[in-house]
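Engineer: what would the 3D arrangement of this be:
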Amino acid sequence: MLESGCKAVKEGVLEKRSDGLLQLWKKKRCILTEEGLLLIPPKQQPPPPQQQPPLPAEPAAKIKELHFSNMKTVDCVERKGKYVYFTVVMAEGKEIDFRCAQEQGWNAAITLQMVQYKNRQAILAVRSTRQKQQHLAQP
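Structural biologist: Prediction:
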């Protein structure tokens, strides 16, 4: 997404529940763009700022992209203690659980960007349909 020129709307750390048997919470560096959410494993030893290469610095295999075209909903599960727990439901039915500090508002930011993305796609679909109809109506 970043390679395609999409700007970062929000950056920070989210905790994602692992799929394993223990379902541990793992911190992920996240970048929210107009196209989706990038999940980047935190670096073991971050290089000094002046030597830091541009994002993403990790190998592409480790970066997980949750594209809005594959996202169905963002469900706010509960607010408990200092955390907000929420679930991203993907189109194929997979659910990904996240948590963050309440004041960070990741669930609201992701939801807002997803709705804006879906609206842009709907507008493009309507325009495309109208253009086809106009083209067919011409002699």
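Engineer: need phi/psi at H67.
Structural biologist: The phi and psi torsions at H67 (degrees, to the nearest 10) take the values phi -80, psi 140.
Engineer: my guess is it contacts L32. True?
Structural biologist: No - contact criterion CB atoms under 8 Å: H67 and L32 do not qualify, at 11.9 Å. For the C-beta atoms, the positions are set from N, CA and C on the backbone; glycine is no exception.
Engineer: which of those two has more neighbours?
Structural biologist: A direct count of neighbours by other CB atoms under 10 Å for H67 and L32 places L32 higher, at 23 against 15.
Engineer: quick check: closest non-adjacent residue to that one.
Structural biologist: Using CB to CB, 6 or more residues apart in numbering and skipping residues adjacent in sequence, the residue nearest L32 is K10, 4.2 Å away.
Engineer: can you tell me the SS state at that neighbour?
Structural biologist: In three-state terms, and counting by DSSP: H, G, I helix; E, B strand; the rest coil, K10 is strand.
Engineer: who are the neighbours in contact with it?
Structural biologist: Counting by CB atoms under 8 Å, 6 or more residues apart in numbering, K10 touches C30, I31, L32, W106, A109.
Engineer: now the second one: how far from L136?
Structural biologist: Distance check for I31 against L136: by CB to CB, to the nearest Å, it reads 42 Å.
Engineer: so for those two, which sits in the more crowded spot?
Structural biologist: Using other CB under 10 Å as the criterion, I31 and L136 rank with I31 on top: 22 against 7.
Engineer: low-confidence stretches in the protein?
Structural biologist: 1-5, 44-61, 139 (pLDDT under 70).
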